[in-house]
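Asker: I'll drop the sequence and a predicted model, then ask my questions.
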Amino acid sequence: MARPKIALIGAGQIGGTLAHLAAMKELGDVVLFDISEGTPQGKALDIAQSGPSEGFDARMKGANDYADIAGADVCIVTAGVPRKPGMSRDDLLGINLKVMKSVGEGIAKHAPDAFVICITNPLDAMVWALREFSGLPHNKVCGMAGVLDSARFRHFLSLEFNVSMRDVTAFVLGGHGDTMVPLTRYSTVAGIPLPDLVKMGWTTQEKLDGIVQRTRDGGAEIVGLLKTGSAFYAPATSAIEMAEAYLKDQKRVLPCAAHVDGAYGLKGMYVGVPTVIGAGGVEKIIDIKLDRDEQAMMDKSIEAVKGLVEACKGIDSSLA
Ligand code: APR
């Protein structure tokens with residue numbers, strides 16, 4: 001059986017890391033696409049030459065022509081510009097919306113059967129726009145945010161409790177921005193919910209609140225340190241987890257920016273929710289019960305995403 005084909009639209013910091021991870025995990029053959037001439041070709045060649053030492057079998061190709069993504073099984077989109085210090089993800093909206101138009105049209109023409117994972121920010125609005133521009137089925141287009149935000153939360157919690165990150169589970173819902181909703185009630189250490197750990201005296205509510213805030217600011221913390229761009233190792237790893245769930249029909253329960261129509265009282269919008277990802281793409285949306293405070297946070301996050309979608313419609317009338 002032929003190896004799956006993975007098209008990476010955008011061969012920058014995240015794109016290059018995605019290609020390396022996809023190769024090392026032997027998820028399939030990789031096409032790195034970018035408008036910048038030479039960058040995808042150079043990265044493809046460099047990664048291919050790590051193959052003999054690493055021992056993977058995967059073909060790497062760099063491309064500047066959408067025809068090269070033809071028949072891709074998975075497309076992961078990072079095309080666009082990242083944040084600089086002082087910028088919010090929302091500041092990228094105008095530039096990246098135009099990029100989503102060309103990417104959406106390119107995917108629709110050459111890889112209409114692909115499972116598409118968008119990473120470009122501001123995430124929830126960009127994945128919505130990409131779906132609109134591409135016209136692909138909603139269950140085949142989603143955004144990577146919740147896996148990353150949850151991973152950040154899990155990392156900070158593992159430091160606080162001094163336990164393995166593997167034994168920490170965490171849930172972050174809502175939009176991928178300052179209003180994201182880390183759910184402490186549904187986050188655990190070895191199955192023990194965080195509020196119980198506070199009661200047991202393993203941490204304090206104050207410390208937990210600090211970790212929640214650090215999670216919300218997780219991307220900005222890295223932008224502030226790097227100064228020239230935004231995070232790329234963990235975002236790439238998170239998207240690869242989603243791509244693998246699709247390619248191997250793993251039915252993973254992963255939070256991602258999915259099209260929600262009915263659940264959470266929403267009528268057809270993209271926002272971060274728990275999903276099941278398998279061969280059918282986003283196969284299920286898990287409609288968990290939120291308490292009053294959680295619902296209030298979720299509502300605020302949903303309003304923020306709606307505002308960005310409205311801004312997109314204002315910029316590009318074909319979306320209105
Ligand atoms: N088509 C294809 N590629 C494009 C286009 C386009 N229209 N416009 C820009 N690109 C490419 C750039 O040439 C660059 O190589 O997208 C790549 C983006 O790479 P980086 O600038 O390194 O950004 P990166 O850190 O990978 O982040 C990409 O993901 O997390 C988000 O906020 C982040 O929106 C940003 C995106």
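Answerer: Looks like it came in fine. Numbering: from 1, shown residues only.
Asker: now Asp34, nearest residue through space, not along the chain?
Answerer: Nearest in space to Asp34, with sequence neighbours left out and distances taken as C-beta to C-beta, 6 or more residues apart in numbering, is Ala11 at 3.9 Å. Any C-beta I mention is one placed from the backbone N, CA and C, and that applies to glycine too.
Asker: so which strand or helix has Gly177?
Answerer: Here Gly177 sits in a region with no helix or strand, counting by DSSP states H and E.
Asker: need the residues of the stretch 201-320 of the chain near the ligand, please.
Answerer: 229-230, 232, 235 (C-beta under 6 Å from any ligand atom).
Asker: which of the residues you listed fall in helices?
Answerer: Here DSSP state H is the test, and these give Pro235 as lying in helices.
Asker: quick one, helices of the stretch 101-250 of the chain?
Answerer: Using DSSP state H, counting those that start in this stretch, the helices found in the stretch 101-250 of the chain span residues 123-134, 146-161, 194-199, 205-216, 218-226, 233-247.
Asker: let's have the residues of the stretch 201-320 of the chain next to the ligand in a markdown table, adding pLDDT.
Answerer: Putting these into a markdown table (pLDDT from 0 to 100) gives the following:
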| residue | pLDDT |
| --- | --- |
| Gly229 | 91 |
| Ser230 | 94 |
| Phe232 | 98 |
| Pro235 | 98 |
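Asker: which residue does this structure bring closest to the ligand?
Answerer: Residue nearest to the ligand within the chain (C-beta to the nearest ligand atom): Gly12, separated by 1.8 Å.
Asker: what's the nearest residue to that residue if we skip its chain neighbours?
Answerer: Thr78 (6.3 Å).
Asker: Glu26 looks like it's in a helix, true?
Answerer: No: according to DSSP: H, G, I helix; E, B strand; the rest coil, the state of Glu26 is coil, so it is not within a helix.
Asker: buried stuff in the biggest strand by length in the chain?
Answerer: Criterion DSSP state E: the longest strand present in the chain is strand 267-278. In terms of neighbour count (16 or more other C-beta atoms under 10 Å), strand 267-278 has its buried residues at 269-278.
Asker: the inter-axis angle of it versus helix 146-161?
Answerer: 70 degrees (axes from the mean of the first three to the mean of the last three C-alpha atoms, to 10 degrees).
Asker: and this structure, what are its domains?
Answerer: 3-142, 144-311 (the TED database).
Asker: what's the closest of these to Leu319?
Answerer: Set against Leu319 and scored by C-beta to C-beta, the domains of the chain come closest in domain 3-142, at 5.6 Å.
Asker: can you give me the end-to-end distance of the closest one?
Answerer: 23 Å (C-alpha to C-alpha, to the nearest Å).
Asker: same question for the top helix by length along the chain, mean pLDDT?
Answerer: Longest helix in the chain, counting residues (DSSP H): helix 292-315. Taken as a whole, helix 292-315 carries a mean pLDDT of 95.
Asker: can you check stretch 108-116 too?
Answerer: Stretch 108-116 comes out at a mean pLDDT of 98.
Asker: mind listing what's buried along it?
Answerer: 110-111, 114-116.
Asker: any idea which of the residues you listed is the one closest to Met242?
Answerer: Among the buried residues of stretch 108-116, and counting by C-beta to C-beta, the member closest to Met242 is Phe115, at 8.6 Å.
Asker: ok, the closest residue to that closest one other than its chain neighbours - how many residues close by?
Answerer: Counting by C-beta to C-beta, 6+ apart, Phe115 lies nearest to Tyr246, which is 4.6 Å off, once chain neighbours are set aside. Tyr246: 25 surrounding residues under other C-beta atoms under 10 Å.
Asker: this completes my enquiry, with thanks.
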